[in-house]
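>>> A predicted structure for the sequence below; I have some questions about it.
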Amino acid sequence: NQQKIIVAREIDRDPKVLIAVQPTRGLDVGAIEYIHKQLLELRNTGHAVLLISLEMEEVLNISDRILVMFDGEIVCDSSSGIKNQCLLFLTLTLLYDKVINSAMKKEKGGHLKTILQSSITESLLSALAAIVIGLLIGFVVLMICNPSQAVGALGTIITGGMGLTGVTSALARICYYGMPLIMCGLSVGFAFKTGTFNIGASGQYWVGAFAAILTAHLLADSCGRFTWVVALLAATAAGGLWALLPGLLNAYRNVNIIISGIMMNYIGTYMVSILIKSFDFLYSAASGSTVGIPEQAILPKTGLDQLLPVRGGSGANIGILIALVTGVIVYIVLNWTTFGFELCTCGANRYAATNAGINGERSIVLAMVIAGALAGLGGGLVYLSSTGVHLTVTDTVNGTGFFGIAVALLGMCNPIGIVIAGLFVSFLQ
């Protein structure tokens, strides 16, 4: 209401030149249309109106001339008859501002300064700062509650279980628990980078895990030693398909993706519970969970069990290597491919992307499907590890996907940062 009053006051003064900076930001549709109408009336009566806005649709609808500024200079002027080029310039400006600035600073400030200001380094430093601040706050609380044991407790937090179970045992657990955290973190982070919020990662993770277990039992004899590969592909496909519906609803019907994602979490949880009990060869009534997977479907250790030996069996397997490689692939896709550029452009400004020739609806759907596939793969990696973990018949949504949100935020949604954040959170666990 205060913004409406300010805009009305300035228009009522009948100015010769009106500079309007984001005049409609945060207003309702009716107020936006009224302000646009008033600005056009001022223009039609001979007044000069300078509109400064980040809303692409607003700029295109009411502007007679478009100027694109970057780094203090006008880089494009639509009065020259190159409107589409202006739109492309604006898209690039919105998306690559940090990258271009980093390149300019490299020429002026040297290679070291550029490295310190790169996106990966920025993500790592931010994550480390958050960790240090969290530990300091925790230490203050410990000092208030129990000063005599505060230092020892902080040491236990920092060293994790290494002091109790040994380094190799702790590293093996980090590898095992890090797999789902990294994959769900990549799922959420990928969606964030492309302008969506994949709060449905838990459901995709659970559905992917069930698809992997079911495929392992059905195809163990026919696929032989490659059963685990086929099962992981099934988990990936199931997670992607489970994220397809929220993506379609958001892209083509503008349904809130948070609401649809949460609903799909519960639907997936209940559906998996029903399906587990529907297959006699999967369900163990005594434990209320799935039975063990066939030996052919167990993820190979690839020597990690010997590198990180644990009494009773090491949980480290090829899954952690798959998670690490996936993080690198996601980073390359987002930063070095045309496909990733289109997805990130759509996430930065959907209207700018559409006007630059990018299919916004397609980008949203593909982003959600890929995000769901990453979460589904995470579920497959965990439940094919044969560590005694089984899918249970439950009505409670699995929390791994929500941990993925924390991991993605801790890693600043940078795939490399997410990998490191996932390993750190698994270390705390």
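Yep, that arrived.
>>> so how many other residues sit close to Thr400?
Residues within reach of Thr400, counting by other Cβ atoms under 10 Å, total 22. The way it works is simple: take the backbone N, C-alpha and C, and place the C-beta from them, glycine included.
>>> Now it: phi and psi?
phi -60, psi -40 (degrees, to the nearest 10).
>>> Show the contacting residues for it.
180-181, 184, 201-202, 205, 378-379 (Cβ atoms under 8 Å, 6 or more residues apart in numbering).
>>> and if you look at Leu244?
Contact partners of Leu244, counting by Cβ under 8 Å, 6+ apart, are 365, 368-369, 372.
>>> now swap in Thr196 and tell me
247, 250, 257, 347, 364, 367-368, 371.
>>> do the same with Glu10
Leu18.
>>> Secondary structure element for it, which one?
helix 2-12 (DSSP states H and E).
>>> Equivalent analysis for Pro15, please.
Pro15 is part of no helix or strand when elements are defined by DSSP H and E.
>>> The nearest residue to it once chain neighbours are set aside: neighbouring residues, count only.
Leaving out its chain neighbours, the residue that sits closest to Pro15 by Cβ to Cβ, 6 or more residues apart in numbering is His47, at 6.7 Å. Residues lying near His47 (other Cβ under 10 Å) number 15.
>>> Which neighbouring residues are in contact with His47, exactly?
Contact analysis of His47 by Cβ under 8 Å, 6+ apart lists 14-18.
>>> Neighbour count, distance to Ala153 and pLDDT added to these, as JSON lines?
Shown next, in JSON lines, are these (neighbours: other Cβ atoms under 10 Å; distance: Cβ to Cβ, whole Å; pLDDT from 0 to 100):
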{"residue": "Asp14", "neighbour count": "10", "distance to Ala153": "68", "pLDDT": "82"}
{"residue": "Pro15", "neighbour count": "13", "distance to Ala153": "64", "pLDDT": "85"}
{"residue": "Lys16", "neighbour count": "8", "distance to Ala153": "68", "pLDDT": "87"}
{"residue": "Val17", "neighbour count": "9", "distance to Ala153": "64", "pLDDT": "89"}
{"residue": "Leu18", "neighbour count": "20", "distance to Ala153": "61", "pLDDT": "88"}
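>>> Between all of those residues, which two are separated the most?
Greatest spatial distance among these (Cβ to Cβ): Asp14 and Val17, at 11.2 Å.
>>> Closest to Val272 out of the contacts of Leu244?
For the contacts of Leu244, the nearest to Val272 is Gly372 (14.8 Å; Cβ to Cβ).
>>> Which positions within stretch 210-217 qualify as buried?
210-217 (16 or more other Cβ atoms under 10 Å).
>>> So which of these is the closest to Thr194?
Ala211 (24.0 Å).
>>> Show the pLDDT at the residue lying closest to Leu308 once chain neighbours are set aside.
Nearest residue to Leu308 in three dimensions, chain neighbours excluded: Ala172, at 4.2 Å (Cβ to Cβ, 6+ apart). Among the per-residue scores, Ala172 shows a pLDDT of 86.
>>> Sounds good, over and out.
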